[in-house]
Every structure is written in C-alpha cells, then in structure tokens.
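*Asks:* take a look and give me a structure for this.
(4 chains)
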There are 2 protein chains.
Amino acid sequence: MQYNPEDILPTISTDCVIFGLDQGKLKVLLTRRAIAPKKGGWALLGGFVLKHEDLETSARRTLKEISGMSNVYMEQVHSFGQVGRFPSRRVITVAYYALINYTLENLKPGPDSSDVQWFAINEVPELVFDHRYILDTTLAFLRSRVRTEPIGFELLPAKFTLTQLQGLYEAVLGTSFDTRNFRKKLLKMNLLIPLDESQTGVAHRAARLYSFNKDIYQKLKAKGFSFEL
Amino acid sequence: MQYNPEDILPTISTDCVIFGLDQGKLKVLLTRRAIAPKKGGWALLGGFVLKHEDLETSARRTLKEISGMSNVYMEQVHSFGQVGRFPSRRVITVAYYALINYTLENLKPGPDSSDVQWFAINEVPELVFDHRYILDTTLAFLRSRVRTEPIGFELLPAKFTLTQLQGLYEAVLGTSFDTRNFRKKLLKMNLLIPLDESQTGVAHRAARLYSFNKDIYQKLKAKGFSFEL
DNA sequence: GCAAAAGTGTTCTTCGTACACCCATGC
DNA sequence: GCATGGGTGTACGAAGAACACTTTTGC
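*Replies:* Below you'll find the model as predicted:
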C-alpha cells in the first residue's frame, strides 16, 4: 500500500525491532530496501508516521503490513534524532521493539522493500543509517526488560515447557541457568499454570506443558509482587 | 533569544522535567507560557528542535536558557506523539529529565515564558497539553532509575552527609529506610568517599561529609558490579 | 536396553530486616 | 545540662547458589 505524500509527516518515522525465537536462537526480522536512499541495504522495519496516526499505531501498521500480525507485544524504546542520521534531510525516528511468536508464514516485503528475512542476533548483516546502533540499544533494553517484566512468554507459543522457557532466557540473556534453581524460582512465583497436557512427538520423556496468564500477573503486581529473574 | 522560523523543526519539540531537592522535598521546575496556545498556563520547560541540533542538545539549550546551567545530568525518557496532544497542528515531543543541584539563583524565564518556579512534586498546578501525563511518566521512570543507577547524587551538592543521602531517597521514592541498614548497604558498595570534613553551623553533632565519584562507579560496573537500592 | 531429556531436595552461604542505645555539639 | 541529630552491632529468617541421580518415553 502506498500513501499520499500529503498524509505523511516527512520528519518523523518509527522503526521496529522485531524479535522472534527459532530453535533456541534469538532472531530479528529485517527488510531489504527497494527504494533510495540506500536501496538494497538491510534495514529495520519502519516507515514514516502518518499525520492522523499515533506513534505506536504507526509501528503496528508497519508490522502488520509485513507479517500480517496484530495484537503483538510492543513497547517504545528510545528516539534517535542525530543530525545527519538520515541522508539529505532531517528525520527523527522513534524505535519500538516487538516480541512475536516466530513464524516464516505470511511474511511479505512491505511497500518499499524487496525482501524480509530473519537473522540470528549474532549474524546480523550490515545495516543502513544508524540502524545498527538502534538495534544494539534496543537489544540492551530488551535484556534489562526481560529480567524485570514477564514479557519473555510473548516469544513462546501459548503452551510451552519449562525447558523451552529456560532456553528462551538463556538465548535472550546469553547466560545459562541451573535447571533446578530455575524451575524452583519460576514455579514459586505462581505465574505459570500447569496444564494436563504433555509434549507429543518427542523421542524421550514428554514434558509437561504450562501456560502464562497476564491477568494473574496484573493482580499479583497490584498487590506488590514484582517479577525478577 | 529568538530563533528564525526557518531554523526550526515545527513538528518536533523536546520537553524537560527538571528535578531538584529542596529541604528534603523533591521539586520540579515549571514555566508559565507567555505565548499562545495556552498562554498563561504552567508547562514543562521545552521548545522546538532546531534543524541543526541533536535532540539532547535541544533539551540542554532550553535548560541553559532558563537556569544558566550546563553539564547537568540528563537522560531521555520517552516520546509522546498522540494525535491532538498539541492544539492546531501535529507536534511530537521527546521528553527528558534532568537532575540538578537545587538553586533559586539565575533562574529567568525563557524566550516564550513569563515566569519560572519550583513546585513540590505533590503541589504541581494544572499543566498545559499532555504535560501532566509526561510528568507522571517521567516521575515513574526516575523512581525506577534511581534504584538501579547511582544518579541520586546529582541532586546533592558535591559534599553531602549520609542523612542527606537517605533523605533524598526517601523523598524520591516516597518511602522510609532504616538508618543503620541504609548506611551499611551504601558504605559496603565502596562508592562513597569519606572526607576529612564535617558539617558546620549545625546545632548538634556535626555529620561527616562524603563525596561520590563517577569514575569509581564506572570501574566497578565494568567488573560486574550493579547498583541496587 | 539404550539414548535423551524430564524431573526432583538438601546444604551452605549470603543478604535483608528488625531493633535501641550512647555520642558529640551548640546553645 | 539539655535538645538535636549522628553514629553504631547483633540475631534471625529468607532467598540464592551449588550440586547428582532417578524417571519416562520412543526407538
């Protein structure tokens, strides 16, 4: 979809760092630019803000155009406005990050891009403009956030095993945890709902599935509970 | 100082929440608007970004015009871009906060304001636009920040007593601490340098003065230390 | 029966918390 | 000498960290 130049704020864009988890690896979604400047370069998903839309709405629109997804966990990180960060004219960008349940389906390049692709966090190619800096800042933000808010679940399917959960934290934080202590700690929080279901199709003992309920967290939080990993 | 309309980005402003500590109370600096829209209303210190300046530079310029201060601790908080937050046209604002050593000297209204004044955090008058929301968001940000980074010192003079320090945390966080535990915890961090000086001019036992050194913190941080109150 | 991951308890150390009295100084 | 805030130590309980073996399942 193309937008009328009159409907666009030419000095303000949003960029969104989209994180997904694929086989225990943290990945980011990037697009290849199909227009100047920096045609052909890899970039974060982003675009100019429309005159009649809020900042987060703009970031969500971009994400939806490319992944088809809505109702995604998204949060503002920081605004980047260095003089000269964008060639030829002044553009300030507001960075968001999104956590999505990894998929290869329904990905299609946006209006001004020729390709979309997932990259493991340590195999990211060269990026256009200041996008590398934005990515690094956002990743640092996510790492601090994931330890103090129960947002990691957004990267997992609705039903998950404790091993998957541990793997997620290890992938995001780049550390490893002791299995017994990790389970003890998470289960003691009473945020996880044990289901009467198990994994299927695995060549070993099937693990129990759990789910996470945001409402329970909100209620506990209101009572003074604070998530901390 | 007035700026040429051609040098200004009319869609982007910065607003700065300036915090100071006066006699154990947390205060914010506000200005009274001397121009439309909302002439006469109380507002955060802010202004439009110039074409040739970075975002933080813009916030620092505004602060300097009003307080005469530079080299102040400042950090970006969040950007606010709701459609309709500013009357008559679309303006996105990037909010910063600053921590300064409280003073009444050298305060003078900026180019478009008629008054500058400190307000205790719980006696803030009605504010223009979405400034109340920005203030609340920023205060919440500060409260979380002050517990995880040693930034509180920025609100105190270079030499301070442990009682002043405790009072600062109590004022910012709205809680109270046990004196013995508070001292034990802070001194154990090895961030405070005990000076061979004491308070003067007090009608009771004079307290020892301490100073805080950022370099020491940076070195400890690099070794894995993390400040936590 | 074997490979592969699931699941589970105890000990020790560290850290947070609760709590009350004497000290130094100015007036 | 008295009022005012400065300064200090100990005991208890909670939480984090280290650590190894048995269980279940599919093949």
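*Asks:* what about the strands in chain A?
*Replies:* Counting by DSSP state E, chain A has strands at residues A:8-22, A:25-33, A:42-43, A:45-50, A:73-80, A:92-99, A:113-120, A:192-198, A:208-212.
*Asks:* JSON lines for those, including mean pLDDT, mean neighbour count and distance to chain B?
*Replies:* C-betas here are computed from N, CA, C, even on glycine. Shown next, in JSON lines, are these (pLDDT from 0 to 100; neighbours: other C-beta atoms under 10 Å in any protein chain shown; distance: least, C-beta to the nearest C-beta, whole Å):
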{"stretch": "strand A:8-22", "mean pLDDT": "97", "mean neighbour count": "22", "distance to chain B": "5"}
{"stretch": "strand A:25-33", "mean pLDDT": "96", "mean neighbour count": "20", "distance to chain B": "22"}
{"stretch": "strand A:42-43", "mean pLDDT": "98", "mean neighbour count": "19", "distance to chain B": "20"}
{"stretch": "strand A:45-50", "mean pLDDT": "96", "mean neighbour count": "23", "distance to chain B": "7"}
{"stretch": "strand A:73-80", "mean pLDDT": "98", "mean neighbour count": "19", "distance to chain B": "5"}
{"stretch": "strand A:92-99", "mean pLDDT": "98", "mean neighbour count": "25", "distance to chain B": "5"}
{"stretch": "strand A:113-120", "mean pLDDT": "93", "mean neighbour count": "16", "distance to chain B": "24"}
{"stretch": "strand A:192-198", "mean pLDDT": "93", "mean neighbour count": "12", "distance to chain B": "25"}
{"stretch": "strand A:208-212", "mean pLDDT": "96", "mean neighbour count": "18", "distance to chain B": "23"}
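*Asks:* and those strands: which comes nearest residue A:140?
*Replies:* Closest of those to residue A:140 is strand A:73-80, at 9.4 Å (criterion: C-beta to C-beta).
*Asks:* helices and strands around that closest one, which ones?
*Replies:* helix A:55-67, strand A:92-99, helix A:131-146, strand B:73-80 (3 or more C-beta pairs under 8 Å, 6 or more residues apart in numbering or on different chains; DSSP states H and E).
*Asks:* quick check: residues of chain A near chain B?
*Replies:* For chain A, the contact set with chain B under C-beta under 8 Å from any C-beta of the partner chain comprises A:9, A:11-12, A:49, A:51-55, A:76, A:78-79, A:81-83, A:90, A:92, A:94.
*Asks:* any stretches of chain A with poor pLDDT?
*Replies:* A:1 (pLDDT under 70).
*Asks:* report the closest residue of it relative to DNA strand D.
*Replies:* In chain A, the residue found nearest to DNA strand D is residue A:205; the distance is 2.7 Å by C-beta to the nearest atom of the strand.
*Asks:* which residues touch that residue?
*Replies:* With C-beta atoms under 8 Å, 6 or more residues apart in numbering or on different chains as the criterion, no residue contacts residue A:205.
*Asks:* again, but for residue A:8
*Replies:* Contacts of residue A:8 (C-beta under 8 Å, 6+ apart): A:48-51.
*Asks:* please verify my assumption that residue A:182 contacts residue A:166.
*Replies:* Yes - if you go by C-beta atoms under 8 Å, residue A:182 and residue A:166 touch, sitting 5.1 Å apart.
*Asks:* mind listing the shared neighbours of those two?
*Replies:* With C-beta under 8 Å, 6+ apart, residue A:182 and residue A:166 have no common neighbours.
*Asks:* about what we covered before: let me see the backbone angles for the residue of chain A closest to DNA strand D.
*Replies:* Torsion angles at residue A:205 (phi, psi; degrees, to the nearest 10) stand at phi -50, psi 130.
*Asks:* tell me how far it lies from chain B.
*Replies:* Separation of residue A:205 from chain B (C-beta to the nearest C-beta, to the nearest Å) stands at 37 Å.
*Asks:* do the same with residue A:163
*Replies:* 28 Å.
*Asks:* need the nearest residue in space to that residue, chain neighbours excluded.
*Replies:* Nearest residue to residue A:163, sequence neighbours excluded (C-beta to C-beta, 6 or more residues apart in numbering or on different chains): residue A:207, at 6.0 Å.
*Asks:* pretty sure that neighbour sits against residue A:195.
*Replies:* No - the pair residue A:207 / residue A:195 is not scored as a contact, 11.1 Å apart, by C-beta under 8 Å.
*Asks:* identify the residues contacting residue A:148.
*Replies:* Taking C-beta under 8 Å, 6+ apart as the test, what residue A:148 contacts is A:226-229.
*Asks:* JSON lines please, covering those and showing neighbour count and distance to residue A:5.
*Replies:* Formatted as JSON lines, the contacts of residue A:148 follow (neighbours: other C-beta atoms under 10 Å in any protein chain shown; distance: C-beta to C-beta, whole Å):
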{"residue": "A:226", "neighbour count": "8", "distance to residue A:5": "47"}
{"residue": "A:227", "neighbour count": "17", "distance to residue A:5": "45"}
{"residue": "A:228", "neighbour count": "10", "distance to residue A:5": "48"}
{"residue": "A:229", "neighbour count": "15", "distance to residue A:5": "46"}
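*Asks:* across the sheet, point out what pairs with residue A:19.
*Replies:* On the basis of DSSP bridges, residue A:19 is bridged to residue A:28, residue A:99.
*Asks:* pretty sure it contacts residue A:100?
*Replies:* Yes - applying C-beta under 8 Å as the test, residue A:19 and residue A:100 come out as touching, 7.2 Å apart.
*Asks:* overlap in contacts, those two.
*Replies:* residue A:155.
*Asks:* coming back round to it: which one of the contacts of residue A:8 is nearest to residue B:60?
*Replies:* residue A:49 (25.4 Å).
*Asks:* beta partners of the closest one?
*Replies:* Going by DSSP bridges, residue A:49 forms beta bridges with residue A:9.
*Asks:* contacts only, for it.
*Replies:* Residues counted as contacts of residue A:49 (C-beta under 8 Å, 6+ apart) are A:8-9, A:12-14, A:55, A:58, A:94, B:81, B:92.
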